[in-house]
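In: no FASTA, just this:
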């Protein structure tokens with residue numbers, strides 16, 4: 001409920017009535033005093049003039065000198081009657097103005113009394129010393145007292161010391177600023193802790209002086225309780241979302257690890273089983289070819305079979321390297337990335353530059369395969385979409401971070417596609433980096449190429465603590481929301 005406008009209207013009405021009543025009083029006194037002096041001066045002058053005129057008439061022989069006193073008395077009584085009638089008229093008019101002001105003041109007071117007695121909000125007026133000059137029944141009920149027990153007492157006599165100091169501080173701020181102010185105040189009462197939205201305004205007299213503070217206390221305890229409950233529920237939902245996200249990330253990491261293990265197993269089987277079979281076939285076929293008659297047709301068939309066998313061997317090796325690069329396990333990450341970039345340059349026809357650390361790299365297996373797969377995915381995207389002529393791959397190593405940068409001068413990526421969930425390549429890179437505690441950023445402008453930066457911590461922790469917290473949040477949610 002907004003009481004700023006209400007109190008402004010009430011305050012303006014009070015001030016208008018006070019000004020009107022004050023002006024009426026001042027006008028009444030001013031007119032009465034000035035009229036009194038004027039009448040006295042005029043009466044004295046006229047009576048003196050009449051007396052002189054009557055004396056002149058007696059001296060001139062218009063009437064006998066002994067008739068001067070009766071004539072003077074008769075004329076004076078007539079003049080005094082006129083003066084009395086005039087004074088009564090002025091007093092009646094001034095009295096009507098005063099009664100009109102009193103009626104307006106009474107109506108305004110009755111209206112304010114009706115509002116204050118029937119509103120559920122506490123209304124008060126305090127002087128500059130903090131003493132209650134007015135308190136409506138609602139405010140007295142908040143304090144658990146009668147209205148008579150509040151009037152004449154300070155806020156320190158009713159509230160606890162800390163609460164009273166806070167209220168006094170806001171009152172002083174209103175008095176110093178001379179403008180309305182809204183504050184939130186908490187009272188520790190016998191009925192419990194209550195929170196109020198307090199709107200305070202300076203109480204200004206008709207001369208413009210600040211006499212005290214008027215205000216309204218609106219009880220917002222229930223609203224605050226609901227807000228706190230909503231905030232707690234929101235926090236619980238955030239924890240639940242974080243827990244679900246941690247679970248999904250853990251699942252994605254587990255699936256990536258499982259897939260890499262399956263790829264390694266398949267590559268090993270291709271190398272051991274298929275490689276051994278193809279090697280044996282390559283050893284037995286020449287012996288079989290020697291037993292065939294040396295005819296042009298047999299020579300042609302022999303050439304086709306040897307070419308087919310060589311193609312099968314190359315295809316098997318390519319599939320094996322795609323499943324699991326053997327150089328990564330044998331020679332390490334630097335050699336695997338260098339050979340991957342070289343192969344890309346050969347089949348894509350793109351000029352490539354590789355910058356790798358001089359020292360030997362000793363990362364965990366998870367980081368090695370993650371960095372290699374990200375280089376692989378970045379080069380595949382460049383080959384499919386970038387139309388680039390130059391590609392640069394840089395691997396930097398710091399004390400606690402590994403930074404991979406893949407830059408091209410191609411057509412760039414639209415802004416909408418950078419954050420699109422349907423872009424599985426970039427999304428997979430982000431998920432893989434996120435599982436290892438790292439980040440992937442993409443910087444691109446259409447026509448100005450693309451730069452992909454990957455930051456991975458060397459520890460590559462699998463966030464066991466996050467997983468534990470996620471399970472705890474899920475368990476708490478399940479306990480609070482049973483099926």
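Out: Received, thanks. Note that the structure is predicted; figures quoted are calculated from it, not measured.
In: what sits against residue 168?
Out: 130, 155, 156 (C-beta atoms under 8 Å, 6 or more residues apart in numbering). Yep, even glycine has a C-beta here, placed from its N, CA and C like the rest.
In: I'd like to know how far the second one sits from residue 147.
Out: Using C-beta to C-beta, to the nearest Å, we find residue 155 at a distance of 15 Å from residue 147.
In: tell me how many other residues crowd residue 190.
Out: Per other C-beta atoms under 10 Å, the neighbour tally for residue 190 reads 6.
In: got the contact list for it?
Out: residue 144.
In: give me phi/psi at it?
Out: With angles defined as degrees, to the nearest 10, residue 190 sits at phi -60, psi -30.
In: returning to that earlier point: same drill for residue 155 and residue 147, tell me which one is more crowded.
Out: Taking residue 155 and residue 147 together and counting by other C-beta under 10 Å, residue 155 has the greater number of neighbours (21 against 17).
In: quick one: list the elements packing against the helix or strand containing residue 214.
Out: Using DSSP states H and E, residue 214 maps to strand 210-219. Strand 210-219 is packed against helix 4-59, strand 122-127, helix 137-143, helix 161-177, strand 192-204, with contacts defined by 3 or more C-beta pairs under 8 Å, 6 or more residues apart in numbering; DSSP states H and E.
In: if you set the cut-off to 6 Å instead, what comes out?
Out: Helices and strands touching strand 210-219, as assessed by 3 or more C-beta pairs under 6 Å, 6 or more residues apart in numbering; DSSP states H and E, comprise strand 122-127, helix 161-177, strand 192-204.
In: now the ones you listed in JSON lines, with mean pLDDT and distance to residue 93?
Out: Formatted as JSON lines, the helices and strands packed on strand 210-219 follow (pLDDT from 0 to 100; distance: least, C-beta to C-beta, whole Å):
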{"stretch": "strand 122-127", "mean pLDDT": "93", "distance to residue 93": "35"}
{"stretch": "helix 161-177", "mean pLDDT": "93", "distance to residue 93": "41"}
{"stretch": "strand 192-204", "mean pLDDT": "93", "distance to residue 93": "31"}
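In: and stretch 227-242, how far out from the chain middle?
Out: 16 Å (C-alpha atoms, centre = their mean, to the nearest Å).
In: same question for that stretch, mean pLDDT?
Out: Stretch 227-242 carries an average pLDDT of 91.
In: list the buried residues for that stretch?
Out: For stretch 227-242, a neighbour-count test (16 or more other C-beta atoms under 10 Å) marks 239, 240 as buried.
In: what do you get for stretch 356-373?
Out: For stretch 356-373, by 16+ other C-beta under 10 Å, it's 356, 361, 363, 366, 367, 368, 369, 370, 371, 372, 373.
In: excluding its backbone neighbours, what's nearest residue 369?
Out: residue 260 (5.6 Å; C-beta to C-beta, 6 or more residues apart in numbering).
In: the contacts of residue 168 in strands, which ones?
Out: Among the contacts of residue 168, DSSP state E puts none in strands.
In: just these now: which is nearest residue 378?
Out: Nearest to residue 378 among the contacts of residue 168: residue 155, at 69.8 Å, using C-beta to C-beta.
In: which residues are in contact with that closest one?
Out: By C-beta atoms under 6 Å, 6 or more residues apart in numbering, the contact set of residue 155 is 130, 164, 167.
In: which one of those residues has the most neighbours?
Out: Result: residue 167 is most packed of the contacts of residue 155 (other C-beta under 10 Å), 26 neighbours.
In: wait, doesn't residue 127 sit right on residue 212?
Out: Yes. Using C-beta atoms under 6 Å, residue 127 makes contact with residue 212 at a distance of 4.1 Å.
In: which one's more surrounded, the two?
Out: Each of residue 127 and residue 212 has its neighbours counted (other C-beta under 10 Å); residue 212 has more, 23 against 13.
In: so who does the more buried one touch?
Out: Contacts of residue 212 (C-beta under 6 Å, 6+ apart): 126, 127, 128, 203.
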